[in-house]
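Visitor: let's see this in three dimensions:
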Amino acid sequence: MAQIAAVAVDKATPQFDREYSYLVPDGLPVQVGCRVTVPFGRGNRRRLGLVLSLSQSEDTARLKKIASLVDRQPLIGEEQLGLMRWLREHTFCSWFDAVRVLIPAGLGMDLEDQFLAEPGAELPADAPKGAEKLLEAIRAGQGKTPEQLAEETGEKDLHRLLRYLMECGAVRSEINDRRRVLDERVTMVRPAPDFEPRKPLTKKQELVLAVLEEFGSVSVKELCYYSGVTRIVVENLRKAGAVELYEQIVYRDPYAGRDEESQAEPILLTDAQQAAYDTILAGDPGKPVLLYGVTGSGKTQVFLRLIDQTLAEGRRAIVMVPEISLTPQVIERFRSRYGSRTAVLHSSLTMAQRTDEWRRIRDGGADIIIGTRSAVFAPVENLGLIVIDEEQERTYQSESSPRFRTAEVARVRCRYHGARLLLCSATPSVESYHAARTGRYTLARLTERYSGQLPDVTIVDTTRTERVGEIFSEPLCAELLKNLEMGQQSILLLNRRGYHTVMKCSSCGEAVTCPNCSVAMTYHRQNGRLMCHYCGHTQEVPAVCPHCGSSLVRFSGIGTQKAEEELQRLFPQARILRMDVDTTMSRFAYEEKFGDFAAGKYDVMVGTQMVSKGLNFPQVTLVGVLGTDMSLYSDDFRSFERTFSLLTQVVGRSGRFDLPGRAFIETAQPHNPVFALASAQDYEAFYREEILFRKVNLYPPFCSLLTVQFTSVSEADSHAGARLFARLFTRLAQAEYADLPIRMLGPAGDTLYRVAGKYRCHLILKCRNDRRMRELTRRVLEQFYAQAPAGVQAIPDLD
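Guide: Presented below is the predicted three-dimensional model:
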C-alpha cells in the first residue's frame, strides 16, 4: 500500500480548482496541513500545494509524485482546515484564497525559476542572435532568475531565448522555494553540560561562565554587555567546549517599548452594566449575544470584565475593531492592563511584524488578540471569547476573495471551541437586532450613558442658513469660535477626502474622469494633481476641457483638504488636525495623531469617518457633520441604516465626560426622519421603520442576497457573461431546484460601471442561504467557466 495525499494546488483556474491525488515518495514525512510542491498540468510545472488529507491505496500507476516538502511541521491545524472547507462552501472561493486569509503573507512561498548552464554545452552555428551572450551570463552566475538575467543582459526577447537554450540542452531550470519573510534570529549562549576544563580559565572566561550560571542562557550581545568582554572570549570558550551557541527565533514586537503594563485595577460596573454582564453570563454559551448600548454607555467596561472572566478560566480571547483608526486607544487600554499577553493583528504592521505576531499567537505567547477583520482567523487554541465591537460596520465584510462576513466566521469558530460570541454596538445592524428580537441572539441592553449626557443636537437647513466662507454654516462657525474661546475641542466630520471632488466644464457640462474608471477625478491641493480614489491613477490638471477644448473649467465639491484650509482662514488661532487616508499613511500615524489630540495639542479635528466612532476625548464638546446627504441616496438598500449609524456614532463623540456636549448636522434635507432619529439617538424607532421597509420589499433579514458580479476588459463580454450565467442558473434551477425560493433581478450595469480598466455588471438573486442554494450556485459557476468568453470573471457574494 502506498500513501496518497489529497492536495489543493495554488493558482489553479476556477474550473480546475479541486483536490488532486499525489503519490507521497518513500521517506518523505508529509503531514496534513503541510505545504508541498507538486508537478501540475501537462507541462508539469511546479506549483505550491497544501495537503488536505492522507490515505492509503494500491492504485498508483497514473499518479504523479510530490516534488518536495516545504513545511516540516503542519502550518495549519484541524480547525483551520475546517475553516478552509467552510469558506470554500459558503463564499465560493478557491482553496488557496482560503489559505491566504488563514496565514500571514510573510509565511507565503514564492517559487521562482533559476537557470543553470550544462557543463560543456555548445550552441549550434545557427543559434539566434543573443543566445551566446545569454548563455555566458548564465555560466557567470549559476542559478540566476529571469529578472536578474534581463537586468544584466538587457535582452528584450529573454523568454524566447531561454526556451531555445533549454530545448538544445545548453541550459536547465530549477525551481527555488523562497520564503517572503525570513525569521528574525539571535545567537544565544548556554553552558555546555559536563564541561571539565583542561587548563585554567582566564578571569574574563570565569566571569562569562559566572553570568551564564546565574542566567542559564542569554544572547551573545547581552553576555558581552553584562560581563564586559568581547565576542572573541565567548568564541574561545566555545572552542574549549565550555559553552554552546545556538540560534533562537526572536519575535518582532510592533509595540515594543511604546507602553508599560500597569497594575490592573478591578473593573467596577454600574448597576446597568452589571445587569448586562449577568445577562451575558446567564445566556446559552452557544448563542451569540448582542450588547446594545447608547454611545458612551460603557460597553467596553462590560466586555473587559468578560475578558477577565475568560482569562480566569484559562482560556483566550479575540477582540475585533472595524478600522485601524480605532486600534490605538484600544491597544493602549489593553496593553496597559494586560501587557505582553496582548497581540495585535492589522494591516498597518509590516509583513514581518504580522508574521511574528501570528507565530507568537500560534505558539501560545498571547492570550488576547486585538485586530481588524483578519484577526478573526488568528490561530488561537482554547478560545473562550470573541468580541466584535461596532459590529454593524461594513468593513467586517471582506470585499476580496474569500468574501466572508466576520461575524459568520466568528460563529463557526465559537461553535468549534464552545466559546462565547459577543457583538457590541450603539447602532447594531438591522439583521443582528432582528435576530436578538426574535430569540436567535441573546439581547443585553445599556440604555444610559456611563458618564456625561447625550449631546444637544441642532439640524441646520443649509438651503436657508447663511454661510461663512464656502463651507461652514453661520451657527456652526459661531459654536466653533465659542469652543476655541473656552479652550474646548471640536470634531468635524466630512466624509470626502481631497480638496475638490470634481473638475467640470462649464461649456459642455462634462467632468474630468479617470481614464480607467467611470468616476470623476478628485483634486488634491498638496500635490497639485487630479487623483482617482479607486485605481490610484494621477494626472496633471488640464488647462482645457478634454471633451470640448473649452477653457471654462472649474472645480466644485468640498473635501477634507479644502475644509482644513477654510478653517485655518476663518480661525487663524486654531490648531487644526486633519485625519484622512492621505495624512495617516505612515506607521503609527493613528496612535501619534490621536494621542496628540487627546493631549490637547490640537483644537479642531476634521476628518473622514475614521473620526466618527469608538473615540473617547474628554475635552470634545462640539461635533459638526458636513455633507451627509449623498449617503442617503446611494443605490444600496442599507443607505438609510448606514447614514443613521454614522450620524449617531459621530454625534456620540461629544460630551462623553463631565462637560456637556452639542452637535450640529448640516443638511439640505432637514425633514428626512433619519436626521431626527439620529439626533435623538432613538435606535428603536429607526429599527421599527427600517424593518417594515425590509419586510415589504423583501430584503435581509427576510431573505438572503446573492450578488454575482461580472468583470471584463471588454464591455460586450461582461454583459455576455452575465446573460450566460442567468440562462445557466435559470435552466438548472428550474430542472433540479424548483423547490428553492429564488427571485432574479438583472443583469444590470454597476453604478461604478468601469473600475481599473474593467467593465462591471451584475445579477442579484433574492434567495435562502442554505446548503442546496450554495450547491446550485457552485454547479452553475462550474458550467459558466466552461462556456464563458475568455477573460470574463464571475464574482459571487452571498449575503
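Visitor: rest of the way, CA atoms for contacts and neighbours
Guide: Fine.
Visitor: and residue 494, how many neighbours does it have?
Guide: As a burial measure, residue 494 scores 22 neighbours (other CA atoms under 10 Å).
Visitor: which residues touch it?
Guide: Contacts here follow CA atoms under 8 Å, 6 or more residues apart in numbering; on that basis residue 494 touches 559-560, 606-609, 625-628.
Visitor: mind picking the two most distant members of those?
Guide: Among the contacts of residue 494, the pair separated by the greatest distance (CA to CA) is 606 and 628, at 14.5 Å.
Visitor: and the lengthiest helix in the chain, what's buried?
Guide: Identified as the longest helix of the chain according to DSSP state H is helix 715-736. By 16 or more other CA atoms under 10 Å, the buried positions in helix 715-736 come out as 717-726, 729-730, 733.
Visitor: and for stretch 660-668?
Guide: So stretch 660-668, judged by 16+ other CA under 10 Å, has buried residues 660-667.
Visitor: over to stretch 194-212?
Guide: Buried residues in stretch 194-212 (16+ other CA under 10 Å): 205, 207-209, 211-212.
Visitor: can you flag which of these belong to helices?
Guide: Secondary structure defined by DSSP H assigns 205, 207-209, 211-212 of the buried residues of stretch 194-212 to helices.
Visitor: tell me the one of these nearest residue 433?
Guide: The closest of these, once distances to residue 433 are taken by CA to CA, is residue 212, at 60.2 Å.
Visitor: is it true that the closest one touches residue 190?
Guide: Yes: between residue 212 and residue 190 there is a contact at 6.5 Å, judged by CA atoms under 8 Å.
Visitor: hey, what's in contact with both of the two?
Guide: With CA under 8 Å, 6+ apart, residue 212 and residue 190 have common neighbours residue 218.
Visitor: can you map out the helices along the stretch 601-750 of the chain?
Guide: Listed in chain order, the helices of the stretch 601-750 of the chain (DSSP state H, counting those that start in this stretch) span 629-632, 639-651, 673-679, 683-697, 715-736.
Visitor: so how far is the fourth one off the chain centroid?
Guide: Centroid displacement of helix 683-697 relative to its chain, using CA atoms, centre = their mean, to the nearest Å, is 31 Å.
Visitor: again with the longest one
Guide: Using CA atoms, centre = their mean, we find the averaged C-alpha position of helix 715-736 to lie 32 Å away from the chain's own average C-alpha position.
Visitor: can you give me the domain boundaries for the protein?
Guide: Per automatic domain parsing, the domain ranges recorded for the chain read 2-106, 111-117+127-179, 185-249, 271-446, 456-501+557-693, 704-798.
Visitor: dump these to TSV, plus mean pLDDT.
Guide: Below are these laid out as TSV (pLDDT from 0 to 100):
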stretch	mean pLDDT
domain 2-106	89
domain 111-117+127-179	77
domain 185-249	82
domain 271-446	89
domain 456-501+557-693	87
domain 704-798	93
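Visitor: present those domains as CSV; the columns should include distance to residue 551.
Guide: As requested, the domains of the chain are exported to CSV (distance: least, CA to CA, whole Å):
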stretch, distance to residue 551
domain 2-106, 49
domain 111-117+127-179, 43
domain 185-249, 62
domain 271-446, 40
domain 456-501+557-693, 18
domain 704-798, 27
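Visitor: nearest to residue 511, of these?
Guide: When the domains of the chain are compared by CA to CA, domain 456-501+557-693 sits nearest residue 511, at 10.4 Å.
Visitor: tell me the bridge partners for residue 190.
Guide: Counting by DSSP bridges, residue 190 is bridged to residue 244.
Visitor: let's have the ones in helices among the buried residues of stretch 194-212 in a markdown table, adding distance to residue 515.
Guide: Shown next, in a markdown table, are these (distance: CA to CA, whole Å):
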| residue | distance to residue 515 |
| --- | --- |
| 205 | 71 |
| 207 | 71 |
| 208 | 68 |
| 209 | 70 |
| 211 | 67 |
| 212 | 66 |
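Visitor: re the thing from before, the contacts of residue 494 in strands, which ones?
Guide: Here DSSP state E is the test, and the contacts of residue 494 give 606-607, 625-626 as lying in strands.
Visitor: just send these back as CSV, with distance to residue 75 too.
Guide: Formatted as CSV, the ones in strands among the contacts of residue 494 follow (distance: CA to CA, whole Å):
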residue, distance to residue 75
606, 44
607, 41
625, 48
626, 49
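Visitor: and these, which of them are buried?
Guide: Judged by 16+ other CA under 10 Å, buried ones among these: 606-607, 625-626.
Visitor: quick check, nearest of the residues you listed to residue 91?
Guide: Among these, residue 607 lies closest to residue 91 (CA to CA), at 33.9 Å.
Visitor: and the nearest residue to the closest one once chain neighbours are set aside, how many neighbours?
Guide: Nearest residue to residue 607, sequence neighbours excluded (CA to CA, 6 or more residues apart in numbering): residue 579, at 4.5 Å. By other CA under 10 Å, the residues close to residue 579 number 24.
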